[in-house]
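J.: fold the following.
(chains A and B)
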Amino acid sequence: MSKPNSILEDARIEVGLTHSELWFRYFALGGMSTALEVEAYLYDALTPTDHDRDLVATALNERFSELGGDHPVAYTDDDDFDKRNL
Amino acid sequence: MAEYRAVDEDRVDRRIAFGLTTRYTSRQVVVALRGEIDMLTTPTFASVLDSLFETGRRDIVVDVAELEFMDGSGLRVIGPMSARLHDSGGALTIRSPSPMVRRLLDLTEMGDLIERDSPDPVSSTLGGEQQAGDASTPVIDGSVETDTQDTVRLPAFPVGNDVIDAALRLVTALARATIGGADGVSVTLTRHGRFTTVAASDETIAQMDRDQYATGEGPCLSAAAEGHWFHAESLADESRWPQFVPRALEDGIASVLSTPLMVSARPVGALNIYSNTDHAFGPRDQELAALFASEASSILAEARTDMTIEEVAGLLREALTTRQVIAHAEGVLMGRQGISADAASANLRQTAKRTGVDVRESAAAVLVSVLRDNLIGQV
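T.: Numbering: from 1, shown residues only, chains lettered A, B, ... in the order given. Have a look, this model is predicted:
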């Protein structure tokens, strides 16, 4: 693919979660999208609502925390959130 | 009982993990608890009891022999359920309480619930104990863990149909417990070129599926064949499936929602949700059905993997418990602050980020604050 990965997909690869594992975490947080839809968010094939996007970001950030990191994936209501960087 | 230990001891971490197992005898259902019943685990316990009640179980024994700890939230589930069972001619009995649990029950005037005679372990093992339903169609009763007996019988590798079926039964049970208006849930799969029901929440539901296979039509078969969902909002007004619909109406089914199970973009079966009420399934229920169908699909798709049923069950149980804790906390925040669900979700997330905890812990803290306020209110 010539298209660069989304920030979310890059983060997923960085923390080493499979798509299924990420979906499970997203589901546990209250997410209502299917596994396929979440995968589509990561590939920019579907645009999530802000709420869904933040749940995916939370799932990724919690994994970063488990690995000793910070919350590198910005939330839509963060001051430094850049709409272009979905 | 041997099959009581659902989890291989080697897999248990140092803490005693919360666990819940249901066992059926001809007369009773025994819900065995282990670990701790607290804010985090009570929702699971409560939903299992609710499901058992809704599926007509009236004689429920809660075996607490392996329970390490129970707080007030557990008592607030046991008390009302005991009253509901009593009002409908049944009973809730507590079996083998530790001195701590016994004292807790005595203090809250629930000591009468404690079983008078300890069960004879030999007779309870040999005394005609059986899983409800017949062998070809395992029947689950809406509890989240009826699969655990399969766990110990099955080797971890390789993953065969038995393990997949057990995982699907778990998904069925979770769907049954979670989707509002669902009176019964089943999973149909195409195996060896014919349709088979691998899980059904009760005999009527298994019969509904068989009626569709027999007549060669119905929402479940349409979903499994065409790969998109079929929603019969009101069977009384339904013109599709003229052979099947009268049989369903006769059995008191009024609406059906069938969602296909897809593997590699090919339909392989359907998740079927039945209700005794027409127009029972709203948009949110349809979303949840899609979600559970998606989960069942991924279990089928990943059947070749090394995931054991304990792991699948563990993941689902964990995910569902977390969801409930977060949903309750969001409800509290919505009520307290008069904000929307999404805003409550953002609130929990921002608090978690600020305080360096995860969202579940942040949600649990909200619930603890409610408990504390209630206790202060009582003093």
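
J.: and residue B:24, how many residues sit next to it?
T.: Residues lying near residue B:24 (other C-beta atoms under 10 Å in any protein chain shown) number 20. All C-beta spots, glycine's among them, are computed from the backbone N, C-alpha and C.

J.: repeat that for residue B:215.
T.: 16.

J.: show the pLDDT at the closest residue to residue B:189 other than its chain neighbours.
T.: Leaving aside its sequence neighbours, residue B:189 sits nearest to residue B:269 (C-beta to C-beta, 6 or more residues apart in numbering or on different chains; 3.8 Å). We have a pLDDT of 88 for residue B:269.

J.: quick one: contacts for residue B:269?
T.: B:187, B:188, B:189, B:190, B:195, B:224, B:260, B:261, B:300 (C-beta atoms under 8 Å, 6 or more residues apart in numbering or on different chains).

J.: what's the farthest-apart pair in these?
T.: B:195 and B:300 (14.8 Å; C-beta to C-beta).

J.: let me know the pLDDT of residue 82.
T.: Unless you meant another one, I'm taking chain A. Residue A:82 carries a pLDDT value of 67.

J.: please refer instead to chain B.
T.: We have a pLDDT of 90 for residue B:82.

J.: OK, contacts around it?
T.: Residue B:82 neighbours (C-beta under 8 Å, 6+ apart): B:91, B:92, B:110, B:113.

J.: repeat that for 6 Å
T.: B:92, B:113 (C-beta atoms under 6 Å, 6 or more residues apart in numbering or on different chains).

J.: and the host helix or strand of it, what's buried?
T.: Here residue B:82, judged by DSSP states H and E, is contained in helix B:72-87. Going by neighbour count (16 or more other C-beta atoms under 10 Å in any protein chain shown), the buried part of helix B:72-87 is B:73, B:74, B:75, B:77, B:78, B:79, B:81, B:82, B:85.

J.: if we can go back for a sec, the residue nearest to residue B:189 belongs to a helix, doesn't it?
T.: No - Residue B:269 is assigned strand when assessed by DSSP: H, G, I helix; E, B strand; the rest coil, not a helix.

J.: please name the bridge partners of it.
T.: For residue B:269, the beta-bridge partners under DSSP bridges are residue B:189, residue B:261.

J.: show me which residues of chain B are close to chain A?
T.: B:287, B:290-291, B:294, B:298, B:315, B:319, B:322-323, B:326, B:342, B:346, B:349, B:353, B:358-359 (C-beta under 6 Å from any C-beta of the partner chain).

J.: ok, the closest residue in space to residue B:42 that isn't next to it in sequence to residue B:36 distance?
T.: Distances taken as C-beta to C-beta, 6+ apart put residue B:73 closest to residue B:42, at 4.2 Å, once the chain neighbours are dropped. For residue B:73, the distance to residue B:36 equals 11 Å [C-beta to C-beta, to the nearest Å].

J.: try residue B:18
T.: Taking C-beta to C-beta, one finds residue B:18 at 6 Å from residue B:36.

J.: ok, now residue B:243?
T.: Residue B:243 sits 52 Å away from residue B:36, taking C-beta to C-beta as the criterion.

J.: any stretches of the stretch 51-200 of chain B with poor pLDDT?
T.: Filtered on pLDDT under 70, the stretch 51-200 of chain B yields the residue ranges B:117-163, B:192-193.

J.: point me to the residue of it nearest chain A.
T.: For the stretch 51-200 of chain B and chain A, the shortest gap (C-beta to the nearest C-beta) falls at residue B:174, measuring 10.9 Å.

J.: show me what counts as buried in the host helix or strand of that residue.
T.: Element membership for residue B:174 (DSSP H and E) is helix B:161-178. In terms of neighbour count (16+ other C-beta under 10 Å), helix B:161-178 has its buried residues at B:163-178.

J.: from residue B:217, how far off is the residue of the stretch 151-300 of chain B found nearest chain A?
T.: Closest residue of the stretch 151-300 of chain B to chain A, C-beta to the nearest C-beta: residue B:294 (3.9 Å). From residue B:294 across to residue B:217, the span is 25 Å (C-beta to C-beta).

J.: now swap in residue B:259 and tell me
T.: For residue B:259, the distance to residue B:217 - C-beta to C-beta - is 17 Å.

J.: of those two, who's got more company?
T.: residue B:259 (28 against 18).

J.: is it fair to say the more buried one lies in a strand?
T.: Yes - under three-state DSSP, residue B:259 falls within a strand.
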